[in-house]
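S.K.: test case, fold it:
(one chain, ligands or ions: 2)
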Amino acid sequence: MQRFLASVLVPAIAFAVAACGTLHSDGPPSDDPPPDGPAVVSVPVPDGFRAVPSQGPLLAHRVALGERLFFDPILSSDRTVSCGTCHLREKAFTDGHLRSVGVQGRRGLRNAPSLLNVAYRRSLFWDGEHPSLEHQALVPLGDSLEMDLPVREALARLKAHPEYPTLFAEAFNGQGPSEPTLIDALAAFQRTLVSAPTRFDRYRAGEAEAFNEAEVRGLVLFEIHCQKCHAGPHLTTDGFANNGAAVSDEDPGRERITSDPADRGLFRIPSLRAVARTAPYFHDGRFSTLDAVVDHYDRGGDGTPGQDVRIGPLHLTDTERAALIAFLRTLDDQAAPVSQTLTP
Ligand code: HEC
Ligand code: HEC
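M.R.: Ligands and ions are numbered 1, 2, ... in the order given. Okay, here's the model as predicted:
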């Protein structure tokens with residue numbers, strides 16, 4: 001995989017399109033393109049990430065189709081809401097609302113998570129309900145609080161559209177819009193949403209000058225207090241934890257899907273990549289700033305039943321709190337991936 005270690009502001013274009021099969025999860029890309037193979041998208045990844053977990057090469061036509069569908073409100077009942085309404089590129093694919101707003105202003109249960117690096121997540125949703133992008137892709141359509149459009153109606157619209165049938169045929173060897181092709185296109189696009197390398201990555205790679213003094217101090221505090229859960233280059237173990245946030249009956253967390261009372265208050269540990277752009281925070285958007293989040297941890301959580309033993313008062317000084325926040329801000333690549341320029 002290509003690696004970028006040297007720049008803070010990566011180019012807005014996060015993709016390289018090559019006329020060869022380059023993207024497999026199980027080995028390095030081949031430098032010898034098959035002469036007539038379809039164009040594929042290769043995604044540059046930060047140091048420490050493995051290649052994008054993939055079901056196969058990310059075919060450029062498929063990714064471009066998925067991107068168009070992702071931003072097209074045709075997939076909602078009243079044609080006002082697209083996936084991109086709640087997953088805005090500039091907000092690292094979150095929406096800035098406490099809890100998402102779907103068709104006709106209907107308020108959902110939860111805060112929209114960032115879709116950056118979503119291909120790497122071991123499970124999806126705050127409670128881990130869905131195992132894969134394919135499993136999740138049509139869920140927002142069926143959700144009456146989100147897009148509220150039966151899949152058969154969505155497919156009928158796409159089949160009657162002046163351009164989509166051709167775009168699907170190009171992307172899927174002549175196949176038109178169908179449940180599997182729609183799912184596959186949306187998932188292919190989302191697999192390309194990999195965060196560009198950040199100052200944090202440069203510092204990890206040994207570039208000492210990538211961090212100022214406060215950020216170094218913040219990293220040390222992060223390693224002591226936070227890294228147990230927000231671990232490694234992805235800044236998450238991908239596990240579930242009760243970080244002491246008071247739980248409401250409306251949303252008991254993982255208990256919602258396991259029905260096990262021991263899972264009450266457990267939420268997926270979010271990655272903190274691009275966290276400066278994904279406010280408000282926590283599953284219900286209860287905190288609007290990083291400052292408020294650090295307050296939560298500093299006071300040792302809300303003392304929620306089942307609170308993780310690793311969450312307790314930190315007694316940070318003002319300087320330490322500022323350093324921790326300065327560090328959290330280095331996790332942003334400052335440029336969301338764009339692929340409009342894709343030309344297979
Ligand atoms: C009305 C707002 C809304 C719309 C429209 C919407 N989403 Fe989401 N999305 C959310 C919310 C809220 C969650 C978190 C749900 C949960 O945890 O229960 C989410 C979660 C996800 C996740 C899981 C991310 C993770 O890390 O867990 C993926 C993937 C996703 N959405 C993709 C899509 C796609 C693809 C579409 C369009 C077909 C779409 N979303 C439409 C609000 C929305
Ligand atoms: C015991 C595990 C654990 C520890 C330790 C921990 N966190 Fe978290 N963190 C979580 C969980 C779980 C959530 C999601 C909570 C929710 O949605 O209700 C979370 C959420 C967050 C969020 C919000 C991200 C978002 O997208 O909404 C930030 C920021 C954050 N943590 C920063 C920190 C910092 C800074 C520390 C150290 C002071 C820390 N965390 C320590 C488990 C942990």
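S.K.: and this structure, which of its residues are near ligand 2?
M.R.: Residues of the chain lying close to ligand 2 by CB under 6 Å from any ligand atom are 126, 225-226, 228-230, 241, 243, 245, 267, 269-270, 272, 275, 278, 281-283, 290, 293-294, 297, 308, 310-311, 324. Every residue, glycine included, has its C-beta placed from N, CA and C.
S.K.: any of those residues buried? List them.
M.R.: Among the residues of the chain next to ligand 2, those scoring as buried are 126, 225-226, 229-230, 241, 243, 245, 267, 269-270, 272, 275, 278, 281-283, 290, 293-294, 297, 308, 311, 324 (criterion: 16 or more other CB atoms under 10 Å).
S.K.: ok, residue 102 to residue 115 distance?
M.R.: Applying CB to CB, to the nearest Å, the value for residue 102 to residue 115 is 17 Å.
S.K.: now swap in residue 332 and tell me
M.R.: Distance from residue 332 to residue 115, by CB to CB: 15 Å.
S.K.: alongside ligand 1, which residues does this structure contribute?
M.R.: Checking the chain against ligand 1 by CB under 6 Å from any ligand atom, the hits are 75, 81, 83, 85-87, 100, 102, 108, 110, 112-113, 115, 118, 121, 124-126, 133, 136-137, 140-141, 146-147, 186, 190.
S.K.: ok, now with 5 Å
M.R.: For the chain, the residues in contact with ligand 1 (CB under 5 Å from any ligand atom) are 81, 83, 86, 100, 102, 108, 110, 112-113, 121, 124-126, 136, 140, 146, 186.
S.K.: buried subset of these, written for ChimeraX?
M.R.: To isolate the buried members of the residues of the chain next to ligand 1 in ChimeraX, using 16+ other CB under 10 Å:
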select :81,83,86,100,102,108,110,112,113,121,124,125,126,136,140,146,186
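S.K.: number of nearby residues for residue 246?
M.R.: 12 (other CB atoms under 10 Å).
S.K.: that one should be in a strand, yeah?
M.R.: No - counting by DSSP: H, G, I helix; E, B strand; the rest coil, residue 246 is not found in a strand; it is coil.
S.K.: the helix or strand where residue 292 lies: how far from the chain's middle?
M.R.: Under the criterion of DSSP states H and E, residue 292 resides in helix 290-298. Distance of helix 290-298 from its chain centroid, counting by CA atoms, centre = their mean, to the nearest Å, is 22 Å.
S.K.: hmm, who's touching it?
M.R.: Contact with helix 290-298 is made by 225-226, 243-245, 275-276, 279, 281-282, 287, 302, 311, 313-316, 321, 324-325, 328-329, as judged by CB atoms under 8 Å, 6 or more residues apart in numbering.
S.K.: cutoff 6 Å now
M.R.: Helix 290-298 has contacts (CB atoms under 6 Å, 6 or more residues apart in numbering) with 281, 287, 314, 316, 321, 324, 325, 328.
S.K.: mind listing which of these are in helices?
M.R.: Those of the contacts of helix 290-298 mapping onto helices are 321, 324, 325, 328, per DSSP state H.
S.K.: wait, the second one touches residue 221, no?
M.R.: Yes - with contact defined as CB atoms under 6 Å, residue 324 counts as touching residue 221 (5.0 Å).
S.K.: and the helices in this protein, which stretches?
M.R.: Taking DSSP H as the criterion, the chain carries its helices at 60-70, 83-86, 133-136, 139-142, 151-160, 164-171, 179-191, 199-204, 213-225, 255-258, 290-298, 318-329.
S.K.: with just CA atoms, put the first one into CSV.
M.R.: Which is helix 60-70. Coordinates of each C-alpha in helix 60-70 appear next as CSV, following Å, rounded to 0.1, in the frame of the first residue of the first chain:
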residue,chain,number,x,y,z
ALA,A,60,-13.8,2.3,-9.9
HIS,A,61,-17.2,2.2,-11.6
ARG,A,62,-18.7,0.6,-8.5
VAL,A,63,-17.2,3.1,-6.1
ALA,A,64,-18.3,6.0,-8.3
LEU,A,65,-21.8,4.6,-8.5
GLY,A,66,-21.8,4.0,-4.7
GLU,A,67,-20.7,7.6,-4.1
ARG,A,68,-23.5,9.0,-6.3
LEU,A,69,-26.1,6.8,-4.6
PHE,A,70,-24.8,7.9,-1.2
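S.K.: quick one: that helix to helix 164-171, angle?
M.R.: 150 degrees (axes from the mean of the first three to the mean of the last three CA atoms, to 10 degrees).
S.K.: buried stuff in helix 60-70?
M.R.: Judged by neighbour count using 16+ other CB under 10 Å, the buried positions of helix 60-70 are 60, 61, 62, 63, 64, 65, 66, 67, 68, 69, 70.
S.K.: looking at these, which is nearest ligand 2?
M.R.: Nearest to ligand 2 among these, counting by CB to the nearest ligand atom, is residue 70 at 20.3 Å.
S.K.: coming back round to it: ranking the helices of the chain by burial, who's on top?
M.R.: Mean neighbours per residue, mean count of other CB atoms under 10 Å, is largest over the helices of the chain for helix 60-70, with a mean of 24.
S.K.: what is it packed up against?
M.R.: When contacts are defined as 3 or more CB pairs under 6 Å, 6 or more residues apart in numbering; DSSP states H and E, helix 60-70 packs onto strand 40-42, helix 164-171, helix 179-191.
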